[in-house]
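Engineer: my questions are about this predicted structure, shown below with the sequence.
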Amino acid sequence: MTATPDVDVLIVGSGPAGATYARTIGDAVPGARILMAEVGPRLPGRRGEHTHNLPRAERRAAELLTQGPDAGIERATALAGIAEGADPSMEFRQVVLPGLFFVDPRPVLADGEVGLPAASMASGVGGMGVHWAGGCPRPRQSERVPCIATGELDAALDHAEALLGVTAFGSDQGVAGALRKRMAEAFEGPGLPPVGFMPIAARWDGAELRFSGTGAILGDLEETAPGFELRAETLARRVVVEDGVATGAELEDRRTGEVSVVRARHVVVCADGLRTPQVLFASGVRPPALGRYLNDHLQMVSFVRLDDAFVGGEAAGIEGLGYVLIPFSDDRPIQGGVMSIANSPYGFGAGGRIDDRLGVVSWYGAKDLQRSDAVEFSETETDHYGMPRMSIRYSHTARDLETIEAMRGLSHRSAELVGTLAEEPALAAGGASLHYQGTVRMGATDDGRSVCDPDLKVWGVRNLYVGGNGVIPTATASNPTLTTVALAWRAATRIAAELGGDPRP
């Protein structure tokens, strides 16, 4: 006799993907019993609130709480090399940020490997969704998932933008407009998309700019779906699989050490791009592609002293803000960004005086995907949480080296168009982008090169789903969160339909 499930859906991880699963299923099936397990603690403020929106003291407290094994340790060294007045939470830092901890602070590299020495993660309610910079460009051309029809993917991206509250910051007024026009003159052309502005998951609340954290996705789910429960400081040690069916998970209360098994009709693992394959590995779910095709796109960011033409102007109000976006295309598989920090959404939200001559040029290159780039797991050694210890195998191909040199040239060119470089462009330490993809990648068929199908169901195990950046199978230069939320929404609609709900808006 099959045991009665304790919940309808068990979600491992409380970041943007897990929140999208919960919100989508809860909206479609208000009576569903949904349990979300998060290994990290609850944080100050409303659950899932973005740390940018918190008062300074609460923000600092939240960052100290989400640092996992380094909880409570000040990240004074994380500010080294960042220009005075710059918001210390900005995404282009090349060392570990406050609020994060290193995957492996002492990596051992094999010959020819470059590794991901800056690979980092966070543990706390809301996951990385309480720290992220909010960039939401749409994937373009070969970045798009090929096994999902164009119209269907676009509809999912539309829904993701609505969930995240994406705003199209920027206009051709003021400093941001002048920067966009200069970049358009240099970087538009046949086969290349128009230069515009980075869409950002943020909105105006009166005169205050508020960034969308994971809480923006969850909304009022506790009120609209009474069966939703979020358990903090709860480790998913393994998914329980019986006769090829996921039937629940073994959970550990990290405050008491108590271990219990929660049975579920559907299990969704959205721990992040590195810990999701870790949970599957610990569960004995080990398809050939698990952890393989690890993709952390190449990153090169430089500070620039802006010319007079790009200084001053309107620094407040939506028309005065903008992060210029030079989109990815197959003809130039690199995404660029240029901004005056004082006239950017990040600068506006930083508080205090910011040098209005301080600018940033950034370029992100698509990684040449290879099976050997991987996160691997030990059968005998464990990490801080008692889970299989991770090791990262990562190297650059000849194509990657060409891309890096192209990024260097683009860095010089874009900086010279608007000012003077403050430093020679340098490749960011591997892992600094925090955009780890491909480790549980989706595919059209179970051919050994993917972990899940287009609905994010794990091959060979019924009722087991995954989510997060790790499901993205393509080489990308653009920020992945919008795609991640779109794919999670799409998969969650399938679960909601199986539970008898109407998942479509």
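Structural biologist: Ah, there it is. Numbering: from 1, shown residues only.
Engineer: confidence score at the closest residue in space to Arg238 that isn't next to it in sequence?
Structural biologist: Excluding its sequence neighbours, the residue lying closest to Arg238 (CB to CB, 6 or more residues apart in numbering) is Ser283, at 4.2 Å. (C-beta placed from N, C-alpha, C; glycine too.) On the pLDDT scale, Ser283 is placed at 98.
Engineer: equivalent analysis for Gln94, please.
Structural biologist: 45.
Engineer: circling back: quick one: the residue nearest to Arg238 and Gly248 touch, right?
Structural biologist: No: proximity of Ser283 to Gly248 does not meet the contact threshold set by CB atoms under 8 Å, at 10.9 Å.
Engineer: which one of those two has more residues nearby?
Structural biologist: Neighbour count, other CB atoms under 10 Å: between Ser283 and Gly248, Gly248 has more, with 25 against 22.
Engineer: tell me the spacing between the residue nearest to Arg238 and Ala491.
Structural biologist: Here Ser283 is placed at a distance of 19 Å from Ala491 (CB to CB, to the nearest Å).
Engineer: lowest-pLDDT helix or strand in this protein?
Structural biologist: helix 345-348 (a mean of 66; mean pLDDT, DSSP states H and E).
Engineer: following it, which helix or strand comes up?
Structural biologist: Tracing the chain past helix 345-348, the next element assigned as helix or strand by DSSP states H and E is strand 358-365.
Engineer: got any residues that touch both of Ser283 and Gly248?
Structural biologist: Residues touching both Ser283 and Gly248 (CB atoms under 8 Å, 6 or more residues apart in numbering) are 239-240.
Engineer: now do the same contact list for the residue nearest to Arg238.
Structural biologist: Applying CB under 8 Å, 6+ apart, the residues contacting Ser283 are 238-241.
Engineer: closest one of those to Thr445?
Structural biologist: Val241 (21.8 Å; CB to CB).
Engineer: contact partners for the closest one?
Structural biologist: 247, 283-285, 461, 464 are the contacts of Val241 under CB under 8 Å, 6+ apart.
Engineer: what bridges to Leu464?
Structural biologist: Val267 (DSSP bridges).
Engineer: test for you: state the pLDDT assigned to it.
Structural biologist: 98.
Engineer: just give me the neighbour total for it.
Structural biologist: 24.
Engineer: go on, Pro226?
Structural biologist: Pro226: 13 neighbours (other CB under 10 Å).
Engineer: do I have it right that Cys452 meets Tyr465?
Structural biologist: Yes: the criterion here is CB under 8 Å, and Cys452 meets it with Tyr465 at 7.4 Å.
Engineer: related to what we said a few turns ago, between the contacts of Ser283, which has the most around it?
Structural biologist: Busiest of the contacts of Ser283 [other CB under 10 Å] is Val239, holding 26 neighbours.
Engineer: which element, helix or strand, includes that one?
Structural biologist: Here Val239 is assigned to strand 234-242, by DSSP H and E.
Engineer: avg pLDDT for whichever helix or strand comes after that strand?
Structural biologist: Elements were assigned by DSSP H and E; along the chain past strand 234-242, the next helix or strand is strand 245-253. Here strand 245-253 scores 98 as its mean pLDDT.
Engineer: so who does the closest residue to Glu381 other than its chain neighbours touch?
Structural biologist: Using CB to CB, 6+ apart and skipping the chain neighbours, the partner closest in space to Glu381 is Arg389 (4.0 Å). Residues in contact with Arg389, defined by CB under 8 Å, 6+ apart, are 377-378, 381-383.
Engineer: so which residues of the stretch 301-450 of the chain form helices?
Structural biologist: 345-348, 398-418 (DSSP state H, counting those that start in this stretch).
Engineer: the ones you listed: which one's closest to Lys367?
Structural biologist: helix 398-418 (6.4 Å).
Engineer: need the residues that contact that closest one.
Structural biologist: Contacts of helix 398-418 (CB under 8 Å, 6+ apart): 179, 182-183, 186-187, 298, 300, 302, 304, 306-307, 310, 326, 333-334, 336, 338, 359, 361, 363, 365-368, 396, 421, 425, 427.
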